[in-house]
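K.L.:
coords below, sequence missing:
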């Protein structure tokens, strides 16, 4: 039976926004850890590590995120783990984020002038100390803007989790629309909420890119 849009729907959407942010935070933090490992592997002296990291990136950048969600969601059932949409979405998005952040940060590390590495080596710094005190602090400045830009894409990417039954913002919109049959109002509200979440981050990324360009041209 069709009903009117109510205050309960507003609370439901607010809860969905919270779960969207939680899923985004889990995926971004997990992807940051995985991405750092991927970036370090891609720039290491070990050919095996470089090849494994490159293969990981090719797999997760070369396949649709939706397929990755399906494989993780149904794969958990195959190995006997409980089918939890939040867990499946978090794992798939973390792997997805690891591949993209790893490549972003690999580029940032390689953007650091080679003379910095040579100078650190001349000072007899170990690989760990070179990365910790010389390379990564400089690479971080280059990587901040594209990392924030990827976070925007990740937040929007959480909408695909609705396909496996996780009730985030898009799924909440689908449920409310099925009850009220007011697609323009419901999905218009959902779009506005995504814009409110992503627009400030887009502005931040743009500001950081402009600031970095000014710093380079000085």
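P.N.:
Thanks, I have it. Note that the structure is a prediction, hence the values are computed from the model and not measured. Residues are numbered from 1 along each chain as shown.

K.L.:
burial of residue 59, as a residue count?
P.N.:
Neighbours of residue 59 under the rule other C-beta atoms under 10 Å: 12. (Each C-beta comes from the backbone N, C-alpha and C, glycine too.)

K.L.:
Read off the pLDDT value for residue 120.
P.N.:
At residue 120, the pLDDT value in this model is 76.

K.L.:
from what I can see it touches residue 134, true?
P.N.:
Yes - between residue 120 and residue 134 there is a contact under C-beta atoms under 8 Å: 4.5 Å.

K.L.:
In contact with the nearest residue to residue 49 once chain neighbours are set aside, which residues?
P.N.:
Leaving aside its chain neighbours, residue 49 sits nearest to residue 41 (4.2 Å; criterion: C-beta to C-beta, 6 or more residues apart in numbering). Residue 41 makes contact with 49-50, 52-53, 102, according to C-beta atoms under 8 Å, 6 or more residues apart in numbering.

K.L.:
likewise residue 157?
P.N.:
By C-beta under 8 Å, 6+ apart, residue 157 lies in contact with 65, 93, 96.

K.L.:
need these in TSV with secondary structure, pLDDT and neighbour count, can you?
P.N.:
Output for the contacts of residue 157, formatted as TSV (DSSP: H, G, I helix; E, B strand; the rest coil; pLDDT from 0 to 100; neighbours: other C-beta atoms under 10 Å):
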residue	secondary structure	pLDDT	neighbour count
65	helix	95	18
93	helix	97	26
96	helix	97	25
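
K.L.:
Can you tell me which of those is closest to residue 115?
P.N.:
residue 96 (34.8 Å; C-beta to C-beta).

K.L.:
the helices in the chain, which residues?
P.N.:
For the chain, the helices defined by DSSP state H occupy 7-42, 47-61, 65-78, 85-111, 114-122, 127-129, 136-157, 169-180, 183-217.

K.L.:
And the contacts of stretch 6-15?
P.N.:
Stretch 6-15 has contacts (C-beta under 8 Å, 6+ apart) with 169, 172-173, 175-176, 180, 189-190, 193.

K.L.:
Which one of these sits in the busiest neighbourhood?
P.N.:
Counting neighbours by other C-beta under 10 Å, residue 169 leads the contacts of stretch 6-15 with 28 neighbours.

K.L.:
Now do it against residue 186, distance only.
P.N.:
From residue 169 across to residue 186, the span is 11 Å (C-beta to C-beta, to the nearest Å).

K.L.:
Over to residue 30?
P.N.:
31 Å.

K.L.:
cool, and residue 148?
P.N.:
Plainly put, residue 148 is 29 Å away from residue 186 if you go by C-beta to C-beta.

K.L.:
the more surrounded of the two?
P.N.:
Per other C-beta under 10 Å, whichever of residue 148 and residue 186 has more neighbours is residue 186, with 22 against 18.

K.L.:
could you list every residue that touches that one?
P.N.:
Residue 186 makes contact with 5, 173, 176-177, 180, according to C-beta under 8 Å, 6+ apart.

K.L.:
Now for the residues you listed: which two are most distant?
P.N.:
5 and 173 (11.5 Å).

K.L.:
low-scoring stretches of this structure, by residue?
P.N.:
Residues of the chain meeting the criterion pLDDT under 70: 1, 213-218.
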